[in-house]
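Enquirer: Output the structure for:
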Amino acid sequence: MPAVSKGDGMRGLAVFISDIRNCKSKEAEIKRINKELANIRSKFKGDKALDGYSKKKYVCKLLFIFLLGHDIDFGHMEAVNLLSSNRYTEKQIGYLFISVLVNSNSELIRLINNAIKNDLASRNPTFMGLALHCIANVCSREMAEAFAGEIPKILVAGDTMDSVKQSAALCLLRLYRTSPDLVPMGDWTSRVVHLLNDQHLGVVTAATSLITTLAQKNPEEFKTSVSLAVSRLSRIVTSASTDLQDYTYYFVPAPWLSVKLLRLLQCYPPPDPAVRGRLTECLETILNKAQEPPKSKKVQHSNAKNAVLFEAISLIIHHDSEPNLLVRACNQLGQFLQHRETNLRYLALESMCTLASSEFSHEAVKTHIETVINALKTERDVSVRQRAVDLLYAMCDRSNAQQIVAEMLNYLETADYSIREEIVLKVAILAEKYAVDYTWYVDTILNLIRIAGDYVSEEVWYRVIQIVINRDDVQGYAAKTVFEALQAPACHENLVKVGGYILGEFGNLIAGDPRSSPLIQFNLLHSKFHLCSVPTRALLLSTYIKFVNLFPEIKTTIQDVLRSDSQLKNADVELQQRAVEYLRLSTIASTDILATVLEEMPPFPERESSILAKLKKKKGPGTVTDLEEIKKERSSDMNGSAEPASVNASAVSTPSPSADLLGLGAAPLTNSAPPPSSSGSLLVDVFSDSASAVAPLAPGSDDNFARFVCKNNGVLFENQLLQIGLKSEFRQNLGRMFIFYGNKTSTQFLNFTPTVICSDDLQPSLNLQTKPVDPTVDGGAQVQQVVNIECVSDFMEAPILNIQFRYGGTFQNLSVKLPITLNKFFQPTEMSSQDFFQRWKQLSNPKQEVQNIFKAKHPMDAEITKAKIIGFGSALLEEVDPNPANFVGAGIIHTKTTQIGCLLRLEPNLQAQMYRLTLRTSKEAVSQRLCELLSEQF
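Expert: Residues are numbered from 1 along each chain as shown. Okay, the predicted model is just below:
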């Protein structure tokens, strides 16, 4: 920047500012400002032409007056005139005035644009920088139209100075954010990517911000940036702080650039193996540096270091493909859970919530359960306590559900009012989802109502009613429990509602006990009647008429209550009508008619529950990140469901109540089929989306498919528009898959049509039925599709999921492999060593054995290998193989037509980094397919 000469001090401006500061009152200030405005106006309108210095001084005074909060309605033209000056200080003040005071719709925009064009063409780096800053600050649509095509040329030109490249990249970023439709993609996109290799780190930082934003909307245009970003990140991470001295912040080399590069990499799936290896080294180095003692006690050092660390962990979670990194990231976050810095504890809890949804790191997250529970009890900051609740919810599974629910209930008694409703919803969801014994579920919900009845929404107590009515084994216990709970002197109204409904339906199951005789049940409920609101009284009246049918011996007592003036002449129309009608019904109806009209409620049809939707609404509008909250659940643990019925064209298995609570209830299903062929007609509607051919598999589809062989939940596919998440559960030869389609944009998807396609060879072996989805997907929302699966016989291929929709007028068509593989129908089988080897010898026919010797593709970690074998579906047999380093498994593949026994043996060679996998089954094709699938996992 040119040095400011002595004459540029603007003494008049300094005197004016001093006068304003010395004013004793607001009136004195306004008087002084009005005097100065009159003086400036007279100077601008005077006959004598002002020199550049005077214009600059007066424009500066107007700018200062505006910043004091006063309106300025003149001087704009004089500021524009300053733009044509060749003196830096005058041009600077002109641009500053325009950036602050000129409206984007001003009539002066054209004049300003001409001055900016002249400065951009001058090749003077100082003037070009001022012009670019002005464009970014004003950023009107007219400016974007004028310069959106020019700025990319400046950015990638070989003779542009580094400071101008920085300004050009940030200016283009600002234009793209405000008017993305006006920034053309062209040849410059491939050249701007190479700015990541620029020697000037300021240029690299600005370019990374630009490329990250552009890649989110146009990933294909900038996919070459991945390898360059990894290369640059590697150089930064492995360099000493002295190597990047100008960009080292408190001993951390280029922390802001590192964070931006890591964010850029989160726009893409895991890279190719060669690049992935280098990226893994970078991430491991970042994790290793986090363990090193700090090089400075300054908070700036730890902030910069942790900023890079948390962004690296975000990338590890995003890729979800490196078990070692995921576990290490979890352990590192676990150390932060007890850090003295509140912000670090908050961020650690937030990141671990996401890690809990990964199949690889879920178990590692669970090891910190005691620390998280302690945080819930001792944290002072309510936002940290809320994140602790979220993490407990995320890490919950069948092994720790009772402990977590109990801790949440304990905390609920003292929880902040702002988060009580959310905790209630989460307890209700967990209690049902992981209820092995439904008596525990009933106790939990009643305890929930007792502790936080005001925060128990209708959805929660409706749901406990549905569960009790649909499950015969819990009805007697529920009736007894609510009867005992109602005996408390003070009961919450929600408990009265639940008690009234359940006793009205199942009070007869406990009426044999003299302590809960019919009359005692009635008197207990009626003692609460006068304390309740009108809707609850209406429900109790319905309970009374149910009692007339269940307990004829107390019919007279109930009729007296219905006949009383307080009921027949009630001011509320609903209560009066019920009393009159119920009294008349009990008087004139015969016993048979009463039994018919007042018979026990039939089971509720399984339908989508609104509890999870209510929780999401509480957390904010529906977002794609909900896909990341899919919990780990073993395929063999279909909680709370009876043995599924056989699936055929007309009948499907009934969804479990727990699945219904999570909003996963099935609806009427339709058979999946490929799109209709157009061969039967010569007339093809060229405007119809349905006439489009099925797209080839999306890039990375095979890699994502392989990741789901040993897990059932996670993100199957993701690009800049769409995210597809899966949650699956299998038992014997039946399964159910829930597919979540998330719209990542702010624009609606129209004509959204997902189709599951089976080849001709696959159709006889696999029976799939899909639930149709809404053809419109709002921006930022997600829809769910249910696929019911029946394995008829063994199969080799996988179905294809084809998705077609319109986005912004453009037709989108993509296909991915649906991870329905033969091993999903495994049922693990425990065997002793003797039984295993006896069966192993029986399967000695050469056609029954398939063996594969292959190089390890991933680190040979014993715990991860065990997890993958269990995830594959077989039982992991301990102490069966004479060599303790080997892994042995057994299971049965269930199909509708047959059962196929399977034995496997995996022998690792750590020195050679090789595996030998041997599979023996009673069918050659099954051995071959299982060997192919499992070999890809190691």
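
Enquirer: neighbours around Trp424, how many?
Expert: Careful, residue 424 is Val and not Trp. 28 (other C-beta atoms under 10 Å). From N, CA and C alone the C-beta is placed, and that goes for glycine too.

Enquirer: so what's it closest to, chain neighbours aside?
Expert: In space, and not counting its chain neighbours, Val424 is closest to Tyr455: 4.8 Å by C-beta to C-beta, 6 or more residues apart in numbering.

Enquirer: try Phe97
Expert: Distances taken as C-beta to C-beta, 6+ apart place Ala79 nearest to Phe97, at 3.9 Å, with adjacent residues excluded.

Enquirer: cool, and Ile317?
Expert: That would be Thr354: by C-beta to C-beta, 6+ apart, it lies 5.1 Å from Ile317.

Enquirer: Low-confidence stretches in the stretch 551-700 of the chain?
Expert: Along the stretch 551-700 of the chain, the model assigns pLDDT under 70 to residues 606-693.

Enquirer: related to what we said a few turns ago, roughly how far apart are the residue nearest to Val424 and Val389?
Expert: Distance of Tyr455 to Val389, computed by C-beta to C-beta, to the nearest Å: 14 Å.

Enquirer: so what sits against both of those two?
Expert: Taking C-beta atoms under 8 Å, 6 or more residues apart in numbering as the contact rule, Tyr455 and Val389 both touch Ile423.

Enquirer: of those two, who's got more company?
Expert: Taking other C-beta under 10 Å, Tyr455 and Val389 do not tie; Val389 has more neighbours (25 against 20).

Enquirer: So that one sits against Leu425, correct?
Expert: No. With contacts counted by C-beta atoms under 8 Å, Val389 stays clear of Leu425, the gap being 10.8 Å.

Enquirer: So which bits of stretch 567-582 are buried?
Expert: Neighbour counts using 16 or more other C-beta atoms under 10 Å place 567, 570, 575, 578-579, 582 of stretch 567-582 among the buried residues.

Enquirer: Quick check: the farthest pair among those residues?
Expert: Among the buried residues of stretch 567-582, the pair separated by the greatest distance (C-beta to C-beta) is Asn570 and Tyr582, at 12.6 Å.

Enquirer: returning to what we had before: so which of the buried residues of stretch 567-582 are in strands?
Expert: Among the buried residues of stretch 567-582, no member falls in strands (DSSP state E).

Enquirer: Among those, which one lies nearest to Arg340?
Expert: Arg340 lies nearest to Leu575 out of these, by C-beta to C-beta, at 59.3 Å.

Enquirer: sorry, back to before: which residues does the helix or strand where the residue nearest to Phe97 lies contact?
Expert: Using DSSP states H and E, Ala79 sits in helix 76-82. Residues outside helix 76-82 that contact it (C-beta under 8 Å, 6+ apart) are 44, 50, 52, 55-56, 58-59, 90-91, 93-94, 97-98, 101-102, 106, 108, 111-112, 115.

Enquirer: For ChimeraX, write the select line for the buried members of the residues you listed.
Expert: In ChimeraX, this line selects whichever of those come out buried by 16+ other C-beta under 10 Å:
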select :44,52,55,56,58,59,90,91,93,94,97,98,101,102,106,111,112,115
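
Enquirer: Quick one: mark the members of the contacts of helix 76-82 that sit in helices.
Expert: Taking DSSP state H as the definition of helices, those contribute 44, 52, 55-56, 58-59, 90-91, 93-94, 97-98, 101, 111-112, 115.

Enquirer: what's the closest of the residues you listed to Pro125?
Expert: Within these, distances to Pro125 taken as C-beta to C-beta reach their minimum at Lys91, with 13.1 Å.

Enquirer: quick one: that closest one and Phe127 touch, right?
Expert: Yes. Applying C-beta under 8 Å, one finds Lys91 in contact with Phe127, separated by 6.6 Å.

Enquirer: can you put the buried residues of stretch 567-582 in TSV and add distance to Phe547?
Expert: Below are those laid out as TSV (distance: C-beta to C-beta, whole Å):
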residue	distance to Phe547
Gln567	15
Asn570	20
Leu575	17
Arg578	14
Ala579	14
Tyr582	11
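
Enquirer: hmm, back to that, name the helix or strand for the residue nearest to Ile317, please.
Expert: helix 342-355.

Enquirer: Show residues contacting that helix.
Expert: Surrounding helix 342-355, the residues in contact under the criterion C-beta under 8 Å, 6+ apart are 306, 310, 313-314, 317, 326, 329-330, 333-334, 336-339, 361-362, 364-365, 368, 372, 375, 379, 381, 383-384, 387-388, 390-391, 394-395, 628-629.

Enquirer: Buried members of the residues you listed into ChimeraX, please.
Expert: Restricted to buried positions by 16+ other C-beta under 10 Å, the ChimeraX selection for the contacts of helix 342-355 reads:
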select :306,310,313,314,317,326,329,330,333,334,336,337,361,362,364,365,368,372,375,379,383,384,387,388,390,391,394,395,628,629
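
Enquirer: and Leu562, what does it touch?
Expert: By C-beta under 8 Å, 6+ apart, the residues touching Leu562 are 541, 544, 568, 579, 582-583, 586.

Enquirer: measure Ile554 to Gly476 for me?
Expert: For Ile554, the distance to Gly476 equals 20 Å [C-beta to C-beta].

Enquirer: on that earlier part again, in the helix holding Thr354, which residues are buried?
Expert: So, applying 16+ other C-beta under 10 Å, buried residues of helix 342-355: 344-355.

Enquirer: Below-threshold pLDDT in the protein: ranges please.
Expert: Scanning the chain for pLDDT under 70 picks out 1-9, 47, 104-105, 241-243, 606-693.

Enquirer: what does the domain assignment say about it?
Expert: Listed by the TED database, the domain ranges of the chain are 427-598, 701-820, 823-936.

Enquirer: Ok, which of these comes nearest Met408?
Expert: Using C-beta to C-beta as the measure, domain 427-598 is the one of the domains of the chain that comes nearest Met408, at 5.1 Å.

Enquirer: And the strands in the stretch 251-400 of the chain?
Expert: Counting by DSSP state E, counting those that start in this stretch, the stretch 251-400 of the chain has strands at residues 252-253.

Enquirer: go on, the stretch 801-938 of the chain?
Expert: Under DSSP E, counting those that start in this stretch, the stretch 801-938 of the chain gives strands at 810-817, 826-828, 849-855, 875-876, 887-894, 899-909, 914-921.

Enquirer: coming back round to it: now flag whichever of the contacts of Leu562 is closest to Ser833.
Expert: Tyr544 (65.5 Å).

Enquirer: Point me to the helix or strand that includes that closest one.
Expert: helix 534-550.

Enquirer: Give me the buried stretch members for that helix, please.
Expert: Neighbour counts over helix 534-550 (16+ other C-beta under 10 Å) mark 536-550 as buried.

Enquirer: And for stretch 282-290?
Expert: For stretch 282-290, the neighbour count (16+ other C-beta under 10 Å) marks 282-284, 286-287, 290 as buried.

Enquirer: Check stretch 426-443 too.
Expert: Under the neighbour-count criterion of 16+ other C-beta under 10 Å, stretch 426-443 has 426-435, 438, 440-443 buried.

Enquirer: Can you tell me which of those residues comes closest to Val498?
Expert: Using C-beta to C-beta, Val442 comes nearest to Val498 of the buried residues of stretch 426-443, at 9.5 Å.

Enquirer: hang on, Phe730 in a helix?
Expert: No. Using DSSP: H, G, I helix; E, B strand; the rest coil, the assignment for Phe730 is strand, not a helix.

Enquirer: just checking, it touches Thr821?
Expert: No. Look at Phe730 against Thr821 with C-beta under 8 Å: they stay out of range, at 10.4 Å.

Enquirer: residue boundaries of the helices in the stretch 401-550 of the chain?
Expert: 401-412, 417-433, 438-452, 458-470, 472-486, 493-506, 518-529, 534-550 (DSSP state H, counting those that start in this stretch).
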